[in-house]
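> how would this look folded up:
(one chain, ligands or ions: 2)
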Amino acid sequence: MNTSSQDLAGFGWSNFFQSQLTADELTGSVPVRVTVAHRNGLDVAHPDFAERVPLLTTEPHDEEGRATVGDWILLDAESHAPQRLLDRKTLFKRKAAGADRRVQLIAANVDTLLVVSSCNQDFNPARLERYLVLARDAGVMPVVVLTKADLAEDTETYRRQAEKLMPGLLVECINARSREGVASLLPWCGNGQTVALVGSSGVGKSTLVNTLAGEAIQETQGIRASDAHGRHTTSGRSLHRLDTGGWLLDTPGMRELQLLDAEAGVEDLFTDVFELATECRFSDCGHETEPGCAVRAAVEAGTLDPERLKRFRKLVAEEAYNSLSLADRRARDKGFGKMIKAVVKEKKGRWE
Ligand SMILES: Nc1nc2c(ncn2[C@@H]2O[C@H](COP(=O)(O)OP(=O)(O)OP(=O)(O)O)[C@@H](O)[C@H]2O)c(=O)[nH]1
Ligand SMILES: [Zn+2]
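Ligands and ions are numbered 1, 2, ... in the order given. Got it, this is the predicted structure:
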């Protein structure tokens with residue numbers, strides 16, 4: 001077998017992976033990319049072949065040691081038996097529901113996350129912010145893509161709102177249905193580049209995939225005229241080659257990604273709020289009613305957008321909730337239910 005490193009580069013191979021190989025591995029192994037992670041095997045691809053191989057052997061609780069879609073693994077050059085997993089450049093993961101909170105791997109080695117929303121009533125800065133946190137946590141570069149620019153009267157207002165979410169954030173307003181429309185995204189989809197998409201239902205993810213791929217690999221469905229919500233379209237877990245030589249990683253797991261355990265990401269995204277908070281009189285200030293609160297002072301002085309503070313609070317609360325185990329969540333929900341019941345009972349009692 002004589003595969004040039006250029007061919008491998010088209011699959012996403014780079015010096016980052018190459019430098020992990022030992023002298024023995026350079027001659028005795030062949031690197032392959034995981035295109036589908038099945039329960040009992042891995043579909044892998046290489047410029048010269050594609051096949052199903054057995055799972056890597058891992059320690060029972062080493063969830064991150066398992067291979068997921070997008071990973072690079074080494075096979076024995078002769079037998080094609082899987083040898084080991086290479087370190088990842090980036091990783092999307094989530095904690096599974098359930099008492100043991102196992103880590104679920106979603107996708108590895110994604111270079112760019114296209115955060116999709118549209119230039120209409122679906123545009124939601126809070127949701128975009130959440131996806132940006134997610135990208136930060138995975139170590140992936142985010143690009144905000146605002147679709148349906150062809151239907152909007154004033155795309156600049158949307159663009160400006162999105163740009164305000166993070167310093168230096170790239171925002172592209174596009175028509176996802178036209179080849180020319182998506183041209184501005186091509187730099188992120190070049191040879192060997194891996195992109196993934198997130199965004200709510202109906203914003204045009206499948207349309208974008210179709211246009212980028214140059215063929216209909218995703219089913220799109222018409223938007224329901226009445227409520228502007230797209231219908232859910234199904235898709236298989238996969239890594240698709242784009243016309244441009246890039247790879248589109250589109251899996252149900254990726255589509256369902258939610259903000260989970262994103263503490264570091266929240267800090268990155270809201271450095272202004274965190275910096276202000278260091279000046280609050282109390283170190284555990286909740287920025288609600290405490291005296292000497294620098295965060296509220298900034299809002300009053302007009303230097304901090306109150307909407308931004310609101311979103312920050314929501315994100316922190318949501319993250320705290322998501323980080324609870326399922327058992328804790330149930331207990332909390334039950335506690336909440338009990339509290340409601342008690343209040344209702346008390347109110348009723350008063351009138352009976
Ligand atoms: N005019 C116009 N229509 C668009 C654009 N992007 C998407 N649409 C339409 O919006 C509808 C929903 O698009 P989809 O691609 O199915 O949305 P989705 O995000 O994949 O939705 P789910 O599969 O539910 O996650 C379809 O009717 C598309 O044709 C755009 O940029 N311009
Ligand atoms: Zn404060």
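> Now the closest residue to ligand 2 within the stretch 51-200 of the chain: phi and psi?
At 20.4 Å from ligand 2, E129 is the closest residue in the stretch 51-200 of the chain, using C-beta to the ion. Yep, even glycine has a C-beta here, placed from its N, CA and C like the rest. Backbone torsions of E129, given as degrees, to the nearest 10, read phi -60, psi -40.
> So which bits of the chain are right by ligand 2?
C280, C285, H287, C293, V295 (C-beta under 5 Å from the ion).
> How is this structure divided into domains?
Domains of the chain are assigned by automatic domain parsing as 5-88, 108-255, 263-346.
> for these, which one sits closest to R102?
domain 5-88 (5.8 Å; C-beta to C-beta).
> what's the span of the closest one, first residue to last?
19 Å (C-alpha to C-alpha, to the nearest Å).
> Kindly report the same for stretch 54-64.
End-to-end distance of stretch 54-64 (C-alpha to C-alpha): 17 Å.
> Going by neighbour count, which residues of that stretch are buried?
By neighbour count on 16 or more other C-beta atoms under 10 Å, the buried set for stretch 54-64 is L56, E63.
> would you list every one of the helices in the stretch 101-250 of the chain?
With helices called from DSSP state H, counting those that start in this stretch, the stretch 101-250 of the chain shows them at 125-138, 155-163, 205-213.
> Do a quick rundown of the helices in the stretch 251-352 of the chain.
Using DSSP H, counting those that start in this stretch, helices in the stretch 251-352 of the chain cover 252-255, 263-269, 271-277, 294-301, 306-323, 326-351.
> what comes into contact with the third one?
Under the criterion C-beta atoms under 8 Å, 6 or more residues apart in numbering, residues E267, C285, H287, A294, V295, A298, L304, R308, L309, F312 lie in contact with helix 271-277.
> How many residues are close by S14?
Number of residues near S14 (other C-beta atoms under 10 Å) recorded here: 15.
> wait, what's in contact with the residue nearest to it when sequence neighbours are not counted?
Excluding the flanking residues, the one nearest S14 by C-beta to C-beta, 6 or more residues apart in numbering is G192, at 7.5 Å. Contact analysis of G192 by C-beta under 8 Å, 6+ apart lists A9, G10, F11, G12, W13, S14, G245, G246, W247.
> what about the residue nearest to the first one when sequence neighbours are not counted, distance to Q83?
Excluding its sequence neighbours, the residue lying closest to A9 (C-beta to C-beta, 6+ apart) is G192, at 5.0 Å. Between G192 and Q83 the distance, using C-beta to C-beta, to the nearest Å, works out to 23 Å.
> tell me the mean pLDDT for stretch 118-135?
The predicted model assigns stretch 118-135 a mean pLDDT of 86.
> Using PDB, list the CA coordinates for it.
What follows is stretch 118-135, C-alpha atoms only, in PDB (Å, rounded to 0.1, in the frame of the first residue of the first chain):
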ATOM      1  CA  SER A 118     -32.200  32.300  10.300                       C
ATOM      2  CA  CYS A 119     -33.000  35.900   9.600                       C
ATOM      3  CA  ASN A 120     -36.500  35.700  10.800                       C
ATOM      4  CA  GLN A 121     -38.500  35.100  14.100                       C
ATOM      5  CA  ASP A 122     -36.400  32.000  14.700                       C
ATOM      6  CA  PHE A 123     -33.400  34.200  15.400                       C
ATOM      7  CA  ASN A 124     -32.600  33.800  19.100                       C
ATOM      8  CA  PRO A 125     -29.400  35.300  20.600                       C
ATOM      9  CA  ALA A 126     -29.800  33.200  23.800                       C
ATOM     10  CA  ARG A 127     -29.800  30.000  21.800                       C
ATOM     11  CA  LEU A 128     -26.900  31.100  19.700                       C
ATOM     12  CA  GLU A 129     -25.000  31.900  22.800                       C
ATOM     13  CA  ARG A 130     -25.600  28.400  24.100                       C
ATOM     14  CA  TYR A 131     -24.200  26.900  20.900                       C
ATOM     15  CA  LEU A 132     -21.200  29.100  21.100                       C
ATOM     16  CA  VAL A 133     -20.500  27.800  24.600                       C
ATOM     17  CA  LEU A 134     -20.700  24.300  23.300                       C
ATOM     18  CA  ALA A 135     -18.200  25.000  20.500                       C
END
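> Distance from the chain centre to it, please.
Offset of stretch 118-135 from its chain centre (C-alpha atoms, centre = their mean, to the nearest Å): 12 Å.
> repeat for stretch 242-254
That offset, for stretch 242-254, works out to 13 Å (C-alpha atoms, centre = their mean).
> ok, now stretch 29-45?
The answer for stretch 29-45 is 22 Å, by C-alpha atoms, centre = their mean.
> First-to-last residue distance for that stretch?
Terminal-residue distance, stretch 29-45 (C-alpha to C-alpha): 14 Å.
> Likewise for stretch 42-53?
Terminal-residue distance, stretch 42-53 (C-alpha to C-alpha): 5 Å.
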